[in-house]
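**Q** Need coordinates for the below:
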Amino acid sequence: MSPEPAHAHRELLELERSVTQAIRERNGARLRELLSEDFVFRGTGDVETDREAFISSVAAIPGDILDLEMTSLRAHAFEDTGVLTGEQRARVRLADGTEVTDTQTFTDVCRWREGRWRMVLAHSVPAAPETPADGTAPAPESR
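**A** As a prediction, this is how the structure comes out:
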């Protein structure tokens, strides 16, 4: 059975929020509920990882995750396929006290399976640095 078109947009956005929260909490069990068994993450450098490797990489994020937010989030539904796009901004405090901010542009692909949306593919690359209004080179994100 296909998803209800009137609710697909809202449900896809809720899935994205749930995945973000599970990453923020490093909650592997919750990620296993939200990501399909055949989930693939593709990052910079043509690197692909499966669901378990992705969950392990989330658990291995160094330091404390201070903030993880999604901006410019958009959801599109095409029958039983959903596509989410936006930017993810993460702020982490490393063991030495240094705070690092990382911004990635992402596309997440979801499929309607067994009566609910599940993420099947996530792709992210570093976002282009923001250019200050005066045209000078952007300041580094690490402090």
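
**Q** Any buried residues in the top helix by length along the chain, and which?
**A** Criterion DSSP state H: the longest helix present in the chain is helix 5-24. Going by neighbour count (16 or more other Cβ atoms under 10 Å), the buried part of helix 5-24 is 8, 11-13, 15-16, 18-20, 22-23. The C-beta positions use only the backbone N, C-alpha and C, and glycine is treated the same way.

**Q** Please state the offset of it from the chain centre?
**A** 11 Å (Cα atoms, centre = their mean, to the nearest Å).

**Q** Could I get the average pLDDT for it?
**A** What helix 5-24 shows for mean pLDDT is 93.

**Q** Mind exporting the C-alpha coordinates of that helix to PDB?
**A** Output of helix 5-24 as PDB, limited to C-alpha atoms (Å, rounded to 0.1, in the frame of the first residue of the first chain):
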ATOM      1  CA  PRO A   5       0.000  11.700  -0.200                       C
ATOM      2  CA  ALA A   6      -1.500  14.300   2.100                       C
ATOM      3  CA  HIS A   7       0.700  13.100   5.000                       C
ATOM      4  CA  ALA A   8       3.900  12.100   3.100                       C
ATOM      5  CA  HIS A   9       5.600  15.500   3.400                       C
ATOM      6  CA  ARG A  10       5.000  15.800   7.100                       C
ATOM      7  CA  GLU A  11       6.000  12.100   7.700                       C
ATOM      8  CA  LEU A  12       9.300  12.600   5.800                       C
ATOM      9  CA  LEU A  13      10.200  15.700   7.800                       C
ATOM     10  CA  GLU A  14       9.400  13.700  11.000                       C
ATOM     11  CA  LEU A  15      11.700  10.900   9.800                       C
ATOM     12  CA  GLU A  16      14.500  13.400   9.300                       C
ATOM     13  CA  ARG A  17      14.000  14.900  12.700                       C
ATOM     14  CA  SER A  18      14.000  11.400  14.300                       C
ATOM     15  CA  VAL A  19      17.200  10.400  12.500                       C
ATOM     16  CA  THR A  20      18.800  13.700  13.600                       C
ATOM     17  CA  GLN A  21      17.800  13.200  17.200                       C
ATOM     18  CA  ALA A  22      19.100   9.600  17.100                       C
ATOM     19  CA  ILE A  23      22.500  10.800  15.800                       C
ATOM     20  CA  ARG A  24      22.600  13.600  18.400                       C
END
